[in-house]
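Trainee: Mind looking at a prediction? Sequence and model below.
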Amino acid sequence: SPSELFPVRGQFYMTDKVKSPSAAAAYSLRTVLIIPSVEKLHHVAASHPLPPRPRDAPPCLLLVVQLPGSPRLHLVLLFERVLTNDEGVDARDLRAFEGLLSRCTSGGRLESLPGRLKIVPNIAEGGGWFVRKTVGNKPAIVANAMKQAQYTGEGYIEVDMDVEVSAMAKHILSAVKPLSRSLVLDLAFVIEGRSEAELPERLLGGVRLCRINLGEKRIRAE
């Protein structure tokens, strides 16, 4: 999804409340999987090895959305940090982003990430007025909207987001699921900046989900 579709907090947001289009996302989407399972899967990277990567590569970011149902579905998004995406980003803004990213993810210490990671939805096509109003397009702190767990391993950071434990998230899913075959849904992720030194915000990455049939009782790999 183009980053300019998602307004984020500008450098002076704490005083002027102005949002502006994000710079290019810091991470590029490499893989999208939907994994069906009878049981809810946790720490997916521990049981599903990631593609080989250079030893000196920055840790990849694995975001897993756990969806209730029969079978349970797990939307797995694998992002890789791509430094060429930084080209054209203002040097001061890049320092602010890298400092915030490091405080939330470096050294296997993820204590700062819960309460900071935000999900931003956008219905690009389909849905009608009711679904668009239900889903909205405002950023939401993941840990406030869903149960969030995070894990680290060699070369990756994983964040699991459990829809099942949230009444609001389940309500949104119940509105989207019957119409999923006609929806084009964008999801973007950002770490919340809370001071001028951490702003402007910048998208971590995003995905466009095109007409995925969430109503299937059986998911087939083709």
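Mentor: Okay, I see it. Numbers count the residues shown, from 1 in each chain.
Trainee: Pull up the gap between the residue nearest to Ser166 when sequence neighbours are not counted and Glu80, please.
Mentor: Ranked by C-beta to C-beta, 6 or more residues apart in numbering and with sequence neighbours excluded, the top spatial neighbour of Ser166 is Met146, at 4.8 Å. Placement of C-beta: from N, CA and C, glycine included. Taking C-beta to C-beta, to the nearest Å as the measure, Met146 falls 24 Å from Glu80.
Trainee: Phi first, then psi, for the residue nearest to Ser166.
Mentor: Backbone torsions for Met146, taken as degrees, to the nearest 10, come to phi -150, psi 160.
Trainee: now for stretch 147-165, what's the gap between its first and last residues?
Mentor: 6 Å (C-alpha to C-alpha, to the nearest Å).
Trainee: Next, the buried residues of the helix or strand containing Gln150.
Mentor: Taking DSSP states H and E as the criterion, Gln150 maps to strand 147-153. For strand 147-153, burial by neighbour count (16 or more other C-beta atoms under 10 Å) applies to Gln148, Ala149, Gln150, Tyr151, Thr152.
Trainee: With stretch 66-73 instead?
Mentor: Gln66, Leu67, Arg72, Leu73.
Trainee: returning to what we had before: okay, the residue nearest to Ser166 and Asn85: tell me how far apart.
Mentor: Distance of Met146 to Asn85, computed by C-beta to C-beta: 27 Å.
Trainee: Please say which of these two ends up with more neighbours.
Mentor: Higher neighbour count among Met146 and Asn85: Met146, with 21 against 18, using other C-beta atoms under 10 Å.
Trainee: Please tell me how far the more buried one sits from Asp16.
Mentor: With C-beta to C-beta as the criterion, Met146 and Asp16 are 30 Å apart.
Trainee: what sits against Pro51?
Mentor: Pro51 is in contact with Arg30, Thr31, counting by C-beta atoms under 8 Å, 6 or more residues apart in numbering.
Trainee: and it, helix, strand or coil?
Mentor: coil (DSSP: H, G, I helix; E, B strand; the rest coil).
Trainee: quick one: pLDDT of it?
Mentor: Reported pLDDT at Pro51 in the predicted model: 86.
Trainee: do Gln66 as well
Mentor: At Gln66, the model reports a pLDDT of 93.
Trainee: likewise Glu111?
Mentor: pLDDT at Glu111 comes out at 69.
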